[in-house]
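Chemist: This is a predicted model, with the sequence first.
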Amino acid sequence: MIIMLKLTVSHDFAGGAGQALAPQALIDELRLLSGLNVAEEAEKLLSLLIRLEDRPMSLADRQAGLRILNDACCVLQRRGDAAGGCHGAALRRLWRRLHEDCKLLARAGSGQSFGLFGNSKPQQEALALAMSSGWHLLRVHTLSYAPLFAGFWLDCHQLFAEVRGRGWEHRAPGGDQVALGAWYRRLLLLGMSSSNRLDPLRQRLLLDWTGEHGQALRLEALARRPDEVPCWLVMADADSPGRFADAQADAGGLGWLADASPVLDRLRERARGRQRQMTAAEWQMLARLEVEWRSPPQRKHHRLNQRNGQRVMLLAGFECCWRLARAGSPPDDAEPAQLLLANLSASGMRLCGDFGRQAVQAGAIVMFKRHGFGWQLGLVRWISLPGGAEPAECGVEFVGKRPLAVEAAAQTSHPDGVMEKGLLLYGERQFRQRGVLVLAGRQYQALRQFTLRGDDGGWLVRAQRLLQQTSLCQLMDVRLVEAAESAGSAASS
């Protein structure tokens, strides 16, 4: 049965008598954009899209124009990636408009019955444009830590239902090497991942891996769900990529079971083939996805919504946190962000508001101060940067109180070990047995020794285990090896 697509769009194409499109003229106009920066070119492409929408033309001409502009947007996206994602807002506007135009194109042909000898390639290509532009849109939202707009996932499910209903899941139209079903699986897999909890390095790994192996995601009918087995459910009537459900969850309605095991098998095989080239970040990311895609961790602590308008001061950046811990007050050149406390649990809190000059990043150390408390150390677990008038948000995990600013040097065979800034947390009034050492960079190694130097003296400690590690910092459980006097004399000799 052929059903007309009902998609979330904010505009429509111009009607009236069609005017022929000259593809070469559009290509020539695109050549004039060379030399512009990423944001400027994105705005120019957006204006070209709007002009194309306002011009009456046949569906065939409109499809040709959108194909040309889609190729130009892909080239621009690669430039944006190389620039480090600093043009996210402009690229999000561009890809959203293109995605909506491609969905309008797919909707226009969705009610047709092509029959045995009908030409279905234009509709297949329209669906491919809609789903591939959706992938690029999701990708740029991921890199920008920006939440998606309402209706995105509902439309993706509808597009795939159209594809599957017509038996086109394995078709790759328009010379594209990616099948229609593969685009949808990439989208789902990326949506199922907690990308806003990743630092930029691991985000790139996630995008590369889902783009290369996402088509291996297995989708099965809900009727095949095994009893009493938790799994990922993708509901066609839900505006979400999927949810991990326990055995008792109701799975009524139209949808699919999503199984990422084949994707993980591919990633493990890839890792075995290049063990020597695999970085620590890649191994850690693979271990993280093994958990997240099979059985993601569930919320451990009850969260209490805060409606009393309580404000929290926040300072970001390792250097700034170290200076605050040493002086006891914020540096003169650092203005703390004043954020609203949205909810609170035993392990952390959610903050929202304007980050101001504070460069809050997922996986970064921050210092925060609540009313009635002193400055405390926290770790940013996730961030959301919607842009515009909407407030930014972040989740901060509590790390500890009263961090001590220290200088640390790893004990190596090199005689000139460089002292680097670090933070030391311990439960006693003085550091006597064990604590948590926080360092920027990546120096952890089991049983590695560190010389620490602070205002109260010096210590020699041994790293026992790694508690947390991101590309921005690491937290290590350390034990005291030598008393302050001997370590201090060793450091000064």
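Modeler: Cool, got the structure.

Chemist: Going by C-alpha atoms from here, please, whenever you check contacts or count neighbours.
Modeler: Noted.

Chemist: Quick one: mean pLDDT over stretch 342-351.
Modeler: Averaged over stretch 342-351, pLDDT sits at 92.

Chemist: Can you give me the end-to-end span of stretch 304-323?
Modeler: The distance separating the two terminal residues of stretch 304-323, taken as CA to CA, to the nearest Å, comes to 32 Å.

Chemist: Give me the contacts around it.
Modeler: 330-331, 334-345, 351, 358-360, 364-371, 405, 421-423, 440 (CA atoms under 8 Å, 6 or more residues apart in numbering).

Chemist: What of stretch 361-373?
Modeler: Under the criterion CA under 8 Å, 6+ apart, residues 196-199, 310-318, 321, 375-383, 470-473 lie in contact with stretch 361-373.

Chemist: ranges for the strands of the stretch 301-450 of the chain?
Modeler: In the stretch 301-450 of the chain, strands defined by DSSP state E, counting those that start in this stretch lie at 304-305, 311-316, 337-344, 348-353, 365-370, 376-384, 392-401, 404-410, 420-425, 434-440, 449-454, listed in chain order.

Chemist: Select only the buried ones of the contacts of stretch 304-323 in PyMOL?
Modeler: For selection in PyMOL, the members of these meeting the burial criterion (16 or more other CA atoms under 10 Å) are listed in this command:
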select buried, resi 330+331+336+337+338+339+340+341+342+343+344+351+358+360+364+365+366+367+368+369+405+421+422+423+440
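
Chemist: Next, count neighbours for residue 107.
Modeler: Summarising burial for residue 107: neighbours were counted as other CA atoms under 10 Å, giving 21.

Chemist: That one touches residue 6, doesn't it?
Modeler: Yes. Using CA atoms under 8 Å, residue 107 is in contact with residue 6, at 7.4 Å.

Chemist: Ramachandran coordinates for residue 51?
Modeler: Reported as degrees, to the nearest 10, the phi and psi values for residue 51 are phi -60, psi -40.

Chemist: Give me the pLDDT value at it.
Modeler: In this prediction, residue 51 carries a pLDDT score of 91.

Chemist: okay, which residue is most central for the protein?
Modeler: By CA atoms, centre = their mean, the mean C-alpha position of the chain lies nearest to residue 195, the distance being 2.7 Å.

Chemist: list the contacts for it?
Modeler: Residue 195 makes contact with 142, 145, 203, 206 under the criterion CA under 8 Å, 6+ apart.

Chemist: now the longest strand anywhere in the chain against strand 449-454, angle please.
Modeler: As far as residue count goes, and with DSSP state E defining each element, the longest strand of the chain is strand 457-469. Relative orientation of strand 457-469 with respect to strand 449-454: 120 degrees, computed using axes from the mean of the first three to the mean of the last three CA atoms, to 10 degrees.

Chemist: next helix or strand past strand 457-469?
Modeler: Elements were assigned by DSSP states H and E; along the chain past strand 457-469, the next helix or strand is strand 473-482.

Chemist: so what's the backbone phi/psi at residue 189?
Modeler: Here is the backbone geometry of residue 189 (degrees, to the nearest 10): phi -60, psi -40.

Chemist: show me what contacts it?
Modeler: For residue 189, counting by CA under 8 Å, 6+ apart, the contacting residues are 210, 214, 217, 260.

Chemist: now do 7 Å
Modeler: 210, 214 (CA atoms under 7 Å, 6 or more residues apart in numbering).

Chemist: In the stretch 151-300 of the chain, mark out all the helices, start to finish.
Modeler: 152-165, 180-191, 200-213, 261-273, 280-294 (DSSP state H, counting those that start in this stretch).

Chemist: what comes up buried for the third one?
Modeler: Of the residues in helix 200-213, those with enough neighbours to count as buried (16+ other CA under 10 Å) are 200, 202, 203, 204, 205, 206, 207, 209, 210, 211, 213.

Chemist: Which elements pack onto it?
Modeler: helix 180-191 (3 or more CA pairs under 7 Å, 6 or more residues apart in numbering; DSSP states H and E).

Chemist: quick check, nearest of the buried residues of helix 200-213 to residue 69?
Modeler: Nearest to residue 69, judged by CA to CA, of these is residue 211 at 21.4 Å.

Chemist: For that closest one, list the residues it contacts.
Modeler: residue 186.

Chemist: at 10 Å what do you get?
Modeler: When contacts are counted by CA atoms under 10 Å, 6 or more residues apart in numbering, residue 211 is found next to 135, 139, 182, 183, 185, 186, 187, 189, 190, 205.

Chemist: Drop anything exposed from the residues you listed.
Modeler: If you count burial by 16+ other CA under 10 Å, the buried members of these come out as 135, 139, 182, 183, 185, 186, 187, 189, 190, 205.

Chemist: Neighbours of the nearest residue to residue 421 once chain neighbours are set aside, how many?
Modeler: In space, residue 421 comes closest to residue 407 once its chain neighbours are excluded; the distance is 4.6 Å by CA to CA, 6 or more residues apart in numbering. Applying other CA under 10 Å, we find 21 residues neighbouring residue 407.
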